[in-house]
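>>> Could you look at this predicted model? Sequence included:
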Amino acid sequence: MYEIGSSNLGLEIIYHTLNDIPWVWAERAFLPWVDMIKKMEENGIPLFTMESKTPLLYMNAVGISLSYELSYTNVVEVLRLSKIPILAEDRRDEDPIIIGGGPCSSNPEPVALLFDAVVIGDGEEAVVEIAKVLREMKGSRRFDVLKELSKIEGVYVPLFYESQDKRVVPAYSFAPERIRKRLLKSLENQAHLVKKILPHAESVHDRGVVEISRGCTRGCRFCHAGMFYRPVRERSKENIRGIVEKMLDSTGYEEISLLSLSAMDHTDINGIVEEILPILSERKVALSIPSTRMDSFGLEIAQKIASIRKTGLTFAPETAKQRLRDVINKNISDDDIWNTIISAKDAGWRRIKLYFMIGLPTEKDKDVEDIAKLIEKVKKIGFKDLSVSVAVFIPKPHTPFQFVRQISVEEALKRRKIIMRARKYAHISFHNPWMSMIEGVLSRGDRKLLKLVLKANELGCIFDEWKEMFDREKWMKAFEETGIDPADYMGPFDLEEPLPWDHIDLGISKGFLIEEYRKSLEGIRTGDCRWERLEIADGRDAPYAVCALYSKPGTILPSRKDEIMWYPGHISRARKAVERMLKMVNVVMEVRDARAPMATSVYGVDLSRKKKIILLNKEDIADDDITGKWIDFFRKNGESVLSTSKFEDRKTFMEKLNMYLSSGDRIMILGVPNTGKSTIINKIKGRRVSAVGGVPGVTKGVQWIALERDKKLLDTPGILHKKLFSKELSAKLLLVGSLPVERVDFKVMEIAFEIFKSRTNEQRSFMEFLEFYGRKRGILIKGGKIDHDKAAYMFFAEVASGKLGKISFEVPEEF
Ligand code: GTP
């Protein structure tokens, strides 16, 4: 529909990219509303383009965007109304080539056979290459054209594949087994649309949209977009400013929206806002961001943005309690949520909107009750207008939850009732569970579902994503008449079982998804790839922005040039945060792991003008003799050093610490990941807990903890990642848990194991050991074989946490 489709940024990007080519003429067409479809049919008018009124049937190619599974029946309708043969196999040489694209391309199977080609991933470059092939091969046999198209990276030609049970496999020897998604390496070099096609009717989103970044590295396990659009690619503030200026000049919009999966995670979001706000306020143009991050930084930005016009705030806690947020890897804490909401209220916001999901893996009724309670609590803080949107969780392909069971309509209705208890506190909108069921079936569907989609359309299903148009009776009838049981598509699926989208390669390995899924069941979180995942790249460190992608040679590895685009920004942001904090203090307590004090030293910040205290932590799991030697070693070098562990009581610890401190000292705690910084801060805090959930009076920004005699401690630890100069360094960081095991390659694990051997009585080789250890722990996969990955994972986790004994991995003699 024009009113909806005309505000689709992807469509416009493709439109302009193609029209920029002198020999291409690209036009737009939209499926009209049902009354017009009827009229067109009655009068024998086929669907035509808006610009030159050419029937789609006479175009060389037709591109259809697949952004939502519930629009599949519309695809059938477009083809039918255009009088284009619906099935790709029935099309003749002169028929247009039908091309699909958009996020549903990550599993296009239910409608794959409607398309001659599907572009998987970013379309900007692929469409240009497709246009070239179509031009060069004009007049050729359809088969040959498709064959040529299939050679373009990211282009999938479904006719060249067939279903074998659940798997989709090549039917021709020239077709690759897996189709790798197309990845646009840089947004910065990609021209942004500035001359928006101005609609002559009002569209749903009447505003200028600027894409500030693509991709998200947070790794929420339910999020399809987070997986599909990886890695993160950002535009610079200068670039964005240029776009905004040109866009305002050429359109006259009254609102600009910054588009991104997580706008506040842009490494320079502050800079961007500061850069464009003056331009906007001068012209009285408002600025908006899709949703606000739930922390003080997010709110700070939201406040700046609202300086022109204060609209509502939107937050997505997804669920009420920490446990379930850990399962889905939504890395915000209860404190974050409360502090942000209370601060939002204090800052004068009256309208907020919250997003939740139900039906998440491991969810119980109690979790849903907690959402209702949360709604009540938020309302009672004093918001005038609270709206809540609740969706049924739909497991999506290529996410860690692609294996899990989707809840049934009955279960969803039951949980709906629970949430509705909070109706008097908020305006609650609840997604239609029947629609969610159909969406779920199509999301993880296979080629067999094509007959379902065709049947549903035949029965009159169209515009299914519209609540008032969605007709569940018709869909149920379509299931019945095609003999398809929706339950077959709702999961759970066996981890080993082939899936209908395994041949689509987004660059995220199935092994990674399985590992993430397992971690979710244990409630283990995975950090944001930007900050927490380091990978050895030619001996340098790089944030693991694509996760699982970089460690597997043969998958999309960016060239050095491309890496420069994104990684210095991320590392430098962490570093800058530390440098900012350093300015506020005169004492740095550097927390190192007593088992490897050199490997866990901080690196890359200037501490020369600070008083430094080295804290050798975790002495309880280090070799006592060796820790003693390290203390002598550092003292000889003139350093202030002490050793401790989380088991030391506060009083003894403070007495030791005070020997090095004087009145008026301002102290911060710094160290590489996992050395115990937070544990130490909490110990120093003692019972004095600051700013917890529900307690008003939250301090904005950094907090100080008062210590006796006028000393102050910053309550945020500084985390610095090590530059991974060598595999040996990585191995030691792995052994103490500062580098997660899933982020190192096999060689590093082997080296780590050798170090472990040299400090223990272990004699076996790494593989022999994994066999032994895996068997002992019962980590088996099908056929009684040992799951080596999992065994290694558990082994290193146990070493790091000291479960295998008091072992030190570095001795002073080596330095
Ligand atoms: P990041 O914020 O990830 O950099 O971690 P951190 O340095 O703040 O470490 P945190 O305090 O979160 O502790 C990391 C892990 O080490 C936790 O599992 C702690 O329980 C454990 N830990 C901390 N101190 C000690 C200690 O003295 N002995 C032992 N055995 N474990 C400790």
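On my side now, so go ahead. Predicted, not measured: the structure shown is a model, and the values here were computed from it.
>>> which residues touch the spatially most central residue of the chain?
Per C-alpha atoms, centre = their mean, the C-alpha nearest to the average position across the chain is that of residue 226, at 3.0 Å. Residue 226 makes contact with 215-220, 261, 399 under the criterion C-beta atoms under 8 Å, 6 or more residues apart in numbering. Using the backbone N, CA and C atoms, a C-beta is placed for each residue, glycine as well.
>>> which residues sit against stretch 417-430?
354, 356, 358, 365, 368-369, 371-373, 375-376, 378-380, 385-390, 416.
>>> Could you turn the buried ones of the residues you listed into a ChimeraX selection?
Command for ChimeraX that selects the buried part of those, burial taken from 16 or more other C-beta atoms under 10 Å:
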select :354,356,358,368,369,371,372,375,378,379,386,387,388,389,390,416
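>>> Mind checking which of the contacts of stretch 417-430 are in helices?
365, 368-369, 371-373, 375-376, 378-380, 416 (DSSP state H).
>>> Please convert these to CSV, extending it with pLDDT.
Output for these, formatted as CSV (pLDDT from 0 to 100):
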residue, pLDDT
365, 95
368, 97
369, 97
371, 97
372, 97
373, 96
375, 96
376, 95
378, 93
379, 93
380, 92
416, 96
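>>> any idea which of these is closest to residue 276?
Using C-beta to C-beta, residue 378 is the member of the ones in helices among the contacts of stretch 417-430 that sits closest to residue 276, with 31.1 Å.
>>> which residues does the closest one contact?
341, 352, 354, 386, 425-426 are the contacts of residue 378 under C-beta under 8 Å, 6+ apart.
>>> between these, which is nearest residue 522?
residue 354 (27.5 Å).
>>> which residues sit in contact with the closest one?
314-317, 375, 378, 386-389, 426 are the contacts of residue 354 under C-beta under 8 Å, 6+ apart.
>>> Repeat the analysis, applying 7 Å as the threshold.
315, 317, 388 (C-beta atoms under 7 Å, 6 or more residues apart in numbering).
>>> Now tabulate those residues in TSV and tack on distance to residue 406 and pLDDT.
As requested, those are exported to TSV (distance: C-beta to C-beta, whole Å; pLDDT from 0 to 100):
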residue	distance to residue 406	pLDDT
315	25	90
317	21	93
388	21	97
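>>> In space, what's closest to residue 63 - neighbours in sequence excluded?
Once flanking residues are discounted, residue 63 sits nearest to residue 99: 4.7 Å by C-beta to C-beta, 6 or more residues apart in numbering.
>>> Remind me which helix or strand that neighbour belongs to.
strand 97-101 (DSSP states H and E).
>>> same thing with residue 414?
Applying DSSP H and E, one finds residue 414 within helix 409-420.
>>> Pull out the buried positions in that helix.
Under 16+ other C-beta under 10 Å, the buried positions of helix 409-420 are 409, 411-412, 415-416, 418-419.
>>> Give me the below-cutoff pLDDT ranges for the stretch 601-750 of the chain.
Filtered on pLDDT under 70, the stretch 601-750 of the chain yields the residue ranges 687-702.
>>> That one: helices as residue ranges?
Taking DSSP state H, counting those that start in this stretch as the criterion, the stretch 601-750 of the chain contains helices spanning 624-636, 650-658, 677-685, 727-735, 746-758.
>>> so what's residue 293 closest to, chain neighbours aside?
residue 264 (4.0 Å).
>>> Which residues of the chain lie near the ligand?
617-618, 620-621, 645-646, 671, 673-679, 717, 719, 802 (C-beta under 6 Å from any ligand atom).
>>> burial count for residue 637?
9 (other C-beta atoms under 10 Å).
>>> With residue 709 instead?
11.
>>> How about residue 42?
Counted with other C-beta under 10 Å, residue 42 comes out at 8.
>>> okay, it: pLDDT?
pLDDT, residue 42: 96.
>>> From residue 48, how far off is it?
According to C-beta to C-beta, to the nearest Å, residue 42 stands 16 Å off from residue 48.
>>> follow-up on the earlier one: surely the residue nearest to residue 293 is in a helix?
Yes: assignment of residue 264 by DSSP: H, G, I helix; E, B strand; the rest coil places it within a helix.
>>> which residue does the stretch 251-400 of the chain bring closest to the ligand?
As assessed by C-beta to the nearest ligand atom, the ligand sits closest to residue 331 within the stretch 251-400 of the chain, at 11.7 Å.
>>> Now do the same contact list for that residue.
Counting by C-beta under 7 Å, 6+ apart, residue 331 has contacts 218, 525, 528.
>>> The first one and residue 260 touch, don't they?
So that's residue 218. No: judged on C-beta atoms under 7 Å, residue 218 makes no contact with residue 260 at a distance of 11.9 Å.
>>> What pLDDT is listed against residue 383?
So residue 383 comes in at 88 (pLDDT).
>>> that older thread, adding pLDDT, write the contacts of residue 378 out as CSV.
Putting the contacts of residue 378 into CSV (pLDDT from 0 to 100) gives the following:
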residue, pLDDT
341, 89
352, 91
354, 94
386, 95
425, 95
426, 96
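>>> buried ones in stretch 250-258?
Result for stretch 250-258 [16+ other C-beta under 10 Å]: buried residues 251, 253, 255-258.
>>> how about it as PDB, C-alpha atoms only?
C-alpha atoms of stretch 250-258 as PDB (Å, rounded to 0.1, in the frame of the first residue of the first chain):
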ATOM      1  CA  SER A 250      15.200  19.300  -0.300                       C
ATOM      2  CA  THR A 251      12.100  18.200   1.600                       C
ATOM      3  CA  GLY A 252      10.800  20.500   4.300                       C
ATOM      4  CA  TYR A 253      10.200  17.800   6.800                       C
ATOM      5  CA  GLU A 254       9.400  18.800  10.400                       C
ATOM      6  CA  GLU A 255      10.900  15.700  11.900                       C
ATOM      7  CA  ILE A 256      14.100  13.800  11.400                       C
ATOM      8  CA  SER A 257      14.400  10.300  12.800                       C
ATOM      9  CA  LEU A 258      17.800   8.600  13.400                       C
END
